[in-house]
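J.: the following block contains a protein sequence and its predicted model.
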Amino acid sequence: MSEIPRLSGPFRVGDRVQLTGPKGRLSTITLRDGGELHTHHGVLRHEALVGQPDGSVVVNSSGHEYLALRPLLRDFVMSMPRGAAIVYPKDAAQILSQADIFPGAVVVEAGVGSGALSLWLLRAIGATGRLVSFERREEFAEVARANVETYVGESPATWDVVVGDLVEALPEAVAPASVDRVVLDMLAPWECIDVVADALTPGGVVLCYVATATQLSRVAEFIRATGLFTEPDANETMVRGWHVEGLAVRPDHRMIAHTGFLLTARRLAPGAVAPEQKRRASKSSYGDEDVELWTPGAVGDRQITDKNLRKRVREAQKAADGVRQAGQDAAESNP
């Protein structure tokens, strides 16, 4: 099976299809031989979709119409099982742009969470790149592996998942000055900046994704104090939809506002000193009472229960098993 998901052409067994049914309700299925979608509106046979072009409309047993489209990556990540909170598509797009993720790049990601950002990074680095994802919790790593396998069809050869602490595991996983980009999505990214600086190639980019202004302040000051990076640049992205119907054109009442801050900096060459250095805050200005501001509860980090996490692991693995079975069915029906 190809590592690149089938993104165009007629539907075939093994493809994932997003169906929009009555009242706009969405259902995502994996096409199987003899498969059926059962709802209170009737039964839709998978065979009605096989061979149809993307964007077709099919009718179920009760005469209800369904629009059939391949789910976009953003659709998949918003509906996949989650062990940890995901990086939303609006931020993922900015991460790819601001970190300048390119085909063939060697990228380090920590933590992997539910695998949402991993999917975007894998697509961006292409078949010649390498992504090394670090995650402290085995349960989250299992969810991420299953989600990626569900979307891609198998575990990509360009992806390694390391369970462990980045500070300890990164020097063993990559050679010094061999990494092009590092993306840190974690509670305390400043704890990893020193090992990240060793791993990055001169000119390489470190990007930190943090939730609160206090986290943003601390990691920016830490990066400045190392003297190993360019001046950090920080921003956030807000997306506001618009209602457009004839001359009734207005902003939507709701918008996707703050989800996180992005901070980027580039690795200086060994021994280089950036010109026009600004006055930096001392790391010693952070006392014990300041450190308390970055505890998980203080920054709003949601803790998932072990019971709920086990459920998410089962859901993700079930989806991955379904894709594997569909692939086997497709191989057997088309020898």
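T.: Sure, I can see it.
J.: which SS state does the nearest residue to residue 114 once chain neighbours are set aside fall under?
T.: Leaving out its chain neighbours, the residue that sits closest to residue 114 by C-beta to C-beta, 6 or more residues apart in numbering is residue 82, at 4.5 Å. Quick note: C-beta positions are derived from backbone N, CA and C, even for glycine. Three-state call for residue 82 (DSSP: H, G, I helix; E, B strand; the rest coil): coil.
J.: give me the number of residues near residue 82?
T.: Per other C-beta atoms under 10 Å, the neighbour tally for residue 82 reads 23.
J.: just residue 62 next, same as before
T.: 12.
J.: if we can go back for a sec, surely the residue nearest to residue 114 touches residue 312?
T.: Yes. Contact criterion C-beta atoms under 8 Å: residue 82 and residue 312 qualify, at 6.0 Å.
J.: find the centremost residue of this protein, please.
T.: Centroid-nearest residue in the chain: residue 117, 1.6 Å away (criterion: C-alpha atoms, centre = their mean).
J.: can you give me the helices in the stretch 51-200 of the chain?
T.: Assigned by DSSP state H, counting those that start in this stretch, the stretch 51-200 of the chain shows helices spanning 73-79, 89-98, 116-125, 138-152, 166-173, 193-199.
J.: turn these into CSV, columns for distance to residue 207 and mean pLDDT.
T.: Below are these laid out as CSV (distance: least, C-beta to C-beta, whole Å; pLDDT from 0 to 100):
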stretch, distance to residue 207, mean pLDDT
helix 73-79, 18, 91
helix 89-98, 6, 97
helix 116-125, 11, 97
helix 138-152, 19, 92
helix 166-173, 14, 96
helix 193-199, 10, 98
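J.: looking at the ones you listed, which is nearest to residue 322?
T.: Nearest to residue 322, of all the helices of the stretch 51-200 of the chain, is helix 138-152, at 7.6 Å by C-beta to C-beta.
J.: returning to that earlier point: a markdown table for the helices of the stretch 51-200 of the chain, including distance to residue 56?
T.: Below are those laid out as a markdown table (distance: least, C-beta to C-beta, whole Å):
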| stretch | distance to residue 56 |
| --- | --- |
| helix 73-79 | 17 |
| helix 89-98 | 25 |
| helix 116-125 | 25 |
| helix 138-152 | 22 |
| helix 166-173 | 45 |
| helix 193-199 | 48 |
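J.: ok, the residue nearest to the centre of the chain to residue 210 distance?
T.: 14 Å (C-beta to C-beta, to the nearest Å).
J.: just the CA atoms of stretch 110-128, as CSV, please.
T.: Output of stretch 110-128 as CSV, limited to C-alpha atoms (Å, rounded to 0.1, in the frame of the first residue of the first chain):
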residue,chain,number,x,y,z
ALA,A,110,7.9,17.4,20.7
GLY,A,111,5.4,16.4,22.0
VAL,A,112,3.4,14.3,19.5
GLY,A,113,0.1,14.6,21.3
SER,A,114,-2.6,13.0,19.1
GLY,A,115,-0.6,13.2,15.9
ALA,A,116,-2.4,16.1,14.3
LEU,A,117,0.7,18.2,13.7
SER,A,118,2.7,15.1,12.8
LEU,A,119,0.4,14.5,9.8
TRP,A,120,0.9,18.0,8.5
LEU,A,121,4.7,17.8,9.0
LEU,A,122,4.9,14.4,7.3
ARG,A,123,3.1,15.8,4.3
ALA,A,124,5.4,18.8,4.1
ILE,A,125,8.7,16.9,4.4
GLY,A,126,7.7,14.5,1.6
ALA,A,127,9.3,11.2,0.8
THR,A,128,12.9,12.3,1.3
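J.: quick one: buried residues of it?
T.: By 16 or more other C-beta atoms under 10 Å, the buried positions in stretch 110-128 come out as 110-125.
J.: distance between that stretch and the chain's centre?
T.: Here stretch 110-128 is found 6 Å from its chain centre; the criterion is C-alpha atoms, centre = their mean, to the nearest Å.
J.: so what sits against both of residue 82 and residue 312?
T.: Counting by C-beta atoms under 8 Å, 6 or more residues apart in numbering, the common neighbours of residue 82 and residue 312 are 114, 143.
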